[in-house]
Each structure stands twice: as structure tokens, then as C-alpha cells.
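# build the 3D model from these lines:
(2 chains)
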Amino acid sequence: DAGVTQSPTHLIKTRGQHVTLRCSPISGHKSVSWYQQVLGQGPQFIFQYYEKEERGRGNFPDRFSARQFPNYSSELNVNALLLGDSALYLCASSPDRGTEAFFGQGTRLTVV
Amino acid sequence: AQKVTQAQTEISVVEKEDVTLDCVYETRDTTYYLFWYKQPPSGELVFLIRRNSFDEQNEISGRYSWNFQKSTSSFNFTITASQVVDSAVYFCALSFYGGATNKLIFGTGTLLAVQP
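Numbers count the residues shown, from 1 in each chain, chains lettered A, B, ... in the order given. From the prediction side, this is the model:
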């Protein structure tokens, strides 16, 4: 079975632009979470979706939004990009709540 | 508040040495999960282990072992006979039990460098 897949793998954007990151969970997994990992730090929780509903939101501004589709894939959108949004964005899928999360390889976003 | 502390920023060992990575956590919940993940240079977080707070039995998996002690709020990870392929950043993480979300709270990670 394929693992969690994320696209694109790398992205360079200019300040003020908008970006959409995509994630396909492991087949059969209904929960998708997004994390931001700044260089030298641990991942920080952004969102969790379960069965297409938002189940959790971290301490991120409203410029960050996400959604989950009927096939359980997910998109993370970030508007009005700032230099500080440069990070590795990780997607994780879980079969259910309260279970271990399996991570994709991430999208490395650079804002210039 | 929930918090995970990994006080060791970097550890360097020579191949075949044993190494222990420390993890101390804080939570007011009586039931919770603890995790260890490995992050090689490729960036993907690789799941290693999950422990429930009500199961303090230590676990061994090959060269890996985990020591969970609720009394000291610690969940330490030992690699026996380390190998160069063990070089990575290791993260300890905490999540709630039975909640609507399985949000993970990560420590800042420990960079392990195993020299040949």
C-alpha cells in the first residue's frame, strides 16, 4: 500500500502570494492532520480533519485554512504568505482518532 | 498545559555504542499516549512506538528499547549497538486519549549522529 503522499515536494513563493498544499492519506485512513515544522524545531499542529469535518485547530492565524474531500484527501491553503511561513509542511493520516499518525515526506515551502 | 521536553539537542556517538535519548513530558490528563518518531534527512517522520499511559511495561524491539516511568514523567529511548543508519533527528510526542483529536505535541528533537 502507498504511504501518505504530499505534493508538491518543494515550492518557492513570493511574500503576499497564496499557496495550496495537497495530501493523500493512506488508503482507508479517515483522519488527516497538518503540521508546520520550522527548521530546528519540532512539528507544530495546524489542523486535523476527520470524516471531512474539522476536529482540531492549532494556534495559527486565519490565513491558514484546510479542507478534506470525500475521498479523504486534503488541502492546506495559506494566504498572504509571510517570510515566517517558510517551513516543512507535514501531512499525517490516521485510521481513526487516538491512533498513531503516519507522516508523508512533507512539502518544503520557501517564501522569498 | 501539555509539554514535551527533550533536553539533549545533539548527541554524537561512535558506532556500536549504546545511546539513550531522554524525554520528559507534562500533562494534567490521567490518560494519554506517548510516541517516538525518527526523522531522517529526507524529512519524513517515521513512527517508532506508541505507549498508553496506563501501560508502564517497558518494550524492546530489536536494538530499540523504551523505558516509561510515570513517576518521573519520562519516556526514554535507548538504541543498543548504534549504527550509522540510526543517524537522524528523534522526536518524542504526546497526545490526548479519547478526545476528538489526536493532535500530537512534539518536543524539539534530539539530533543523533553515529560516527563510523
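# tell me where chain B has strands.
Using DSSP state E, the strands found in chain B span residues B:3-5, B:10-14, B:19-21, B:24-26, B:32-39, B:46-52, B:59-61, B:64-69, B:74-79, B:88-96, B:104-106, B:110-115.
# sorry, wrong one. I was asking about chain A.
A:5-7, A:10-13, A:19-24, A:31-37, A:44-50, A:53-57, A:64-68, A:74-78, A:87-94, A:102-103, A:107-111.
# and the ones you listed, which is most packed in?
strand A:31-37 (a mean of 26; mean count of other CB atoms under 10 Å in any protein chain shown). Just so you know, the C-beta spots here come from the backbone N, C-alpha and C atoms, and that holds for glycine as well.
# and chain A, which of the strands of chain B is closest to it?
Chain A sits nearest to strand B:104-106 of all the strands of chain B, at 3.2 Å, using CB to the nearest CB.
# who are the packing partners of that closest one?
strand A:44-50, strand B:3-5, strand B:88-96 (3 or more CB pairs under 8 Å, 6 or more residues apart in numbering or on different chains; DSSP states H and E).
# neighbouring strands for that strand, and are they parallel or not?
Here strand B:104-106 has these sheet partners by DSSP bridges: strand B:88-96 (antiparallel).
# that older thread, which one of the strands of chain A has the poorest average confidence?
In terms of average pLDDT, strand A:53-57 trails the rest of the strands of chain A, at a mean of 90.
# and the direction of it versus that of strand A:31-37, what angle?
Computed by axes from the mean of the first three to the mean of the last three CA atoms, to 10 degrees, the angle separating strand A:53-57 from strand A:31-37 equals 30 degrees.
# what's the angle from strand A:53-57 to strand A:64-68?
Going by the same axes, to 10 degrees, strand A:53-57 makes 140 degrees with strand A:64-68.
# which strands and helices lie in contact with strand A:53-57?
Contacts defined by 3+ CB pairs under 8 Å, 6+ apart place strand A:53-57 against strand A:44-50.
# is the strand it packs on positioned near chain B?
Yes. Residues of strand A:44-50 contacting chain B under CB under 8 Å from any CB of the partner chain: A:44, A:45, A:48, A:50.
# follow-up on the earlier one: export the helices and strands packed on strand B:104-106 as TSV, with columns for distance to residue A:94.
Shown next, in TSV, are the helices and strands packed on strand B:104-106 (distance: least, CB to CB, whole Å):
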stretch	distance to residue A:94
strand A:44-50	8
strand B:3-5	19
strand B:88-96	10
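# the residue most central in space within chain A and residue A:50, how far apart?
Among the residues of chain A, the one closest to the centroid is residue A:34, at 3.3 Å (CA atoms, centre = their mean). Per CB to CB, to the nearest Å, residue A:34 is found 13 Å from residue A:50.
# where does chain B have low pLDDT?
The model of chain B has pLDDT under 70 over residues B:97-101.
# can you list the residues of it near chain A?
Near chain A, when you scan chain B using CB under 8 Å from any CB, you find B:4, B:33, B:35, B:37, B:42-47, B:50, B:91, B:93, B:95-109.
# how many residues are close by residue B:50?
Neighbours of residue B:50 under the rule other CB atoms under 10 Å in any protein chain shown: 15.
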